[in-house]
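Undergrad: model the structure of this input:
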Amino acid sequence: MKTMEEKAIEIAKLMEDGKGNDVTLLDISGLNSWTDYFVIVTVTSSAHWQGLYKQIKEYIKDNDLEIHVTNRKSPDGDDWNLIDLGAIVVHLMSESARSFYDLEKLWHAGKTIDFRA
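TA: Here you go, the predicted model:
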């Protein structure tokens, strides 16, 4: 059985294979109680993030993960789409949203995992 870290690595690779830009995998397990990993991905369009979302939906079918529905306070948009898988949270962000929110800086105490090795 795969560990959660192995699943997070596979999702990061999946996002990169799907042409997600600047994919980053952060281990934030020691910094909060609600998730262990962030996969942060820059997307180029609505169609791009929707395609990556479909890939995640296919991946979770065989990997004992499920999408937790999130309640959004603002209307649906294409700048930032969050996919909550429990221990793994995937952030599909436009370049401008990623630059503005700078999650890597906000969660700088997390450990960056080199999933390309």
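Undergrad: ends of stretch 90-107, what's the gap?
TA: 14 Å (CA to CA, to the nearest Å).
Undergrad: check which residues of it are buried.
TA: Buried residues in stretch 90-107, counted by 16 or more other CB atoms under 10 Å: 90, 91, 92, 93, 94, 97, 98, 103, 107. Yep, even glycine has a C-beta here, placed from its N, CA and C like the rest.
Undergrad: can you redo those residues as TSV with pLDDT and secondary structure?
TA: Shown next, in TSV, are the buried residues of stretch 90-107 (pLDDT from 0 to 100; DSSP: H, G, I helix; E, B strand; the rest coil):
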residue	pLDDT	secondary structure
90	97	strand
91	97	strand
92	96	strand
93	97	strand
94	96	coil
97	96	helix
98	96	helix
103	96	helix
107	96	coil
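Undergrad: kindly indicate which of those residues lies nearest residue 8.
TA: Nearest to residue 8 among those, counting by CB to CB, is residue 90 at 9.3 Å.
Undergrad: so which elements touch the host helix or strand of residue 50?
TA: According to DSSP states H and E, residue 50 maps onto helix 46-61. For helix 46-61, the packing partners by 3 or more CB pairs under 8 Å, 6 or more residues apart in numbering; DSSP states H and E come out as helix 4-17, strand 80-84, strand 88-93.
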